[in-house]
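Chemist: I'll drop the sequence and a predicted model, then ask my questions.
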Amino acid sequence: MSTPGCVFPTTVETLYCDHHSWLKGWLRRRLGNADHAEDLAHDTFIRLLSSDRVPSVLSEPRAFLTTVAQNLLSNHWRREKLERAYLEALAQAPQPMSWSPEDRVIVLETLVELDRLLDGLPSIVRRAFLLSQLDGKTHGQVAEALAISIPTVKRYIVKAMQRCYFADLSFTG
């Protein structure tokens, strides 16, 4: 075990050996679920292995791991929130929808990816896009709902579509 506060050469292996158990406990306290904590601790180290930004020297390795894990934890909670909203929308659908479990996973993954793509846009731009594309509202209805002009609605929708389109190109290129 490393001595807290000491500066020492860091590799993902030493971080894992010295702090994996601590990180699992930290995550378990926040999640209240040992299995999810184990998964997120694993994902934290996978993220470090796939990153070239692990410093060679860390004076506070637990603070570093906490930062990485906190980002993953935020994504986890965001995905859970999105999944709950999706399941509530399905339950409120006018006609019973009997999708296969595979179809549900595909739709949920698509929603999570769309949420990721739109992240970083101003909330009003996201709302305009989602009202138009997911709720099927006209530009006039979106403009009224958001108290903005129709040309602004169009500009916002184009901005969101460009974000999705160009992100798609970066995955295939």
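Modeler: Yep, that arrived.
Chemist: mean confidence score for the longest helix anywhere in the chain?
Modeler: Using DSSP state H to define each element, the chain has its longest helix at helix 61-91. Taken as a whole, helix 61-91 has a mean pLDDT of 84.
Chemist: and it, how far from the chain's centre?
Modeler: A distance of 6 Å separates the centroid of the chain from that of helix 61-91, by C-alpha atoms, centre = their mean, to the nearest Å.
Chemist: repeat that for stretch 103-110.
Modeler: Using C-alpha atoms, centre = their mean, the offset of stretch 103-110 from its chain centre is 15 Å.
Chemist: please begin residue numbering at 21 from this point
Modeler: Understood, numbering begins at 21; the last thing we discussed is stretch 123-130.
Chemist: tell me which residues in it are buried?
Modeler: Neighbour counts over stretch 123-130 (16 or more other C-beta atoms under 10 Å) mark no residue as buried. Where C-beta positions appear, they are placed from N, C-alpha and C, glycine not excepted.
Chemist: restricting to C-alpha, output that stretch in CSV.
Modeler: The C-alpha coordinates for stretch 123-130 follow below in CSV (Å, rounded to 0.1, in the frame of the first residue of the first chain):
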residue,chain,number,x,y,z
ASP,A,123,-35.7,-3.7,-29.1
ARG,A,124,-36.0,-2.0,-25.8
VAL,A,125,-32.2,-2.1,-25.3
ILE,A,126,-31.6,-0.8,-28.8
VAL,A,127,-34.0,2.1,-28.2
LEU,A,128,-32.5,2.9,-24.8
GLU,A,129,-28.9,2.8,-26.2
THR,A,130,-30.0,5.1,-29.0
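Chemist: which residues sit against that stretch?
Modeler: Residues outside stretch 123-130 that contact it (C-beta atoms under 8 Å, 6 or more residues apart in numbering) are L102, E103, Y106, W119.
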